[in-house]
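1. Okay, here's the prediction I keep looking at, along with the sequence it came from:
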Amino acid sequence: MATDPGPESASSDEVSEPPAAERHPATGLDLATVDRLLTTTRAVRRRLDLTRPVPREVILECLRLAIQAPTGSNAQTWRWLVVTDGPTRAAIAGLYRNRVVMSARAVAPSDVDPQQQRVNDSAGYLRDHLEDVPVLVIPCVEEKGGAAGWAPSIYPAVWSLMLALRSRGLGSCLTTAHLFRRDEAATLLGIPSGYAQACLIPIAYYTGDDFQPAVRRPVEDLTYWNHWGADR
Ligand SMILES: Cc1cc2nc3c(=O)[nH]c(=O)nc-3n(C[C@H](O)[C@H](O)[C@H](O)COP(=O)(O)O)c2cc1C
């Protein structure tokens, strides 16, 4: 990992980039930073700073990066609904706390493994504080698409947005709970028919920066070669 030497030790004509040894020889990319970004962009809920304003320009900058993502036939039929107005956020939070989501609370903690319990607790925190998150983004996309429908033309950009936000100190979380009441959300926000809401992304600056890679099953166990179930 490159360490930032700090402004004092850098002369004005020095470029503060990682040493060449840490760059991929072919691409020139700083893999340590790229890999850290990819492995530590987590669902951030409890660590969203609900008190710190988020400048409009930062959101636009991250969206500008996000829309470099692919879409089917390069159609780019996406729209990004950025909600910052307090009463509108409160109304969306009300739709998010719908019957289905609230009934998830009924599961007794003893029935759930500890890791899942942490996710549930974290999700519960977001559910209870959603209206206080300064920015809610609802990515929308035209409801048409190729063989796989509209979803593949918006989710690559959603993830790029989350990565871009993380790189600038903002946390986010891909959520879908409000979609149980998507029609009411469409009416509230004036989303025309023919556009699907992909998800809802709460966004705020995060506190602390010790996000870690998640525990996942070994990729070898999840990857088949040439035939389902085959390892070569
Ligand atoms: C399709 C999808 C739907 C999700 N819906 C919600 C949601 O409604 N509420 C929520 O708090 N988190 C939601 N999440 C976030 C996941 O719970 C989270 O990504 C998962 O627990 C893994 O955590 P990590 O991203 O930190 O690795 C969703 C994620 C995905 C990909």
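-> Noted; the coordinates are in hand.
2. what's the single longest strand in this protein?
-> With secondary structure taken from DSSP state E, the chain has its longest strand at strand 135-142.
3. what separates that strand from the chain centre, distance-wise?
-> Between the centre of strand 135-142 and the centre of its chain there are 12 Å (CA atoms, centre = their mean, to the nearest Å).
4. got a list of contacts for it?
-> Strand 135-142 has contacts (CB atoms under 8 Å, 6 or more residues apart in numbering) with 54, 59, 75, 77-84, 89, 92, 130, 150, 153-154, 157-158, 161, 185, 189, 191, 194-204. To be clear about C-beta, it is placed using only N, CA and C from the backbone, and glycine gets the same treatment.
5. That strand pairs with which strands, parallel or anti?
-> strand 78-83 (antiparallel), strand 195-197 (antiparallel), strand 201-205 (antiparallel) (DSSP bridges).
6. does any part of it sit near the ligand?
-> No: Strand 135-142 is not in contact with the ligand by CB under 6 Å from any ligand atom; minimum separation 12.2 Å.
7. tell me the average confidence for that strand?
-> Here strand 135-142 scores 98 as its mean pLDDT.
8. what about the helix or strand following it and the ligand, touching?
-> Following strand 135-142 in sequence order, the next helix or strand is helix 155-167 (DSSP states H and E). No: on the criterion CB under 6 Å from any ligand atom, helix 155-167 is out of touch with the ligand, staying 8.3 Å away.
9. helix or strand right after helix 155-167?
-> Taking DSSP H and E, what comes next after helix 155-167 is strand 170-172.
10. Tell me the buried residues in that following strand?
-> By 16 or more other CB atoms under 10 Å, the buried positions in strand 170-172 come out as 170-172.
11. With that, I have no additional questions.
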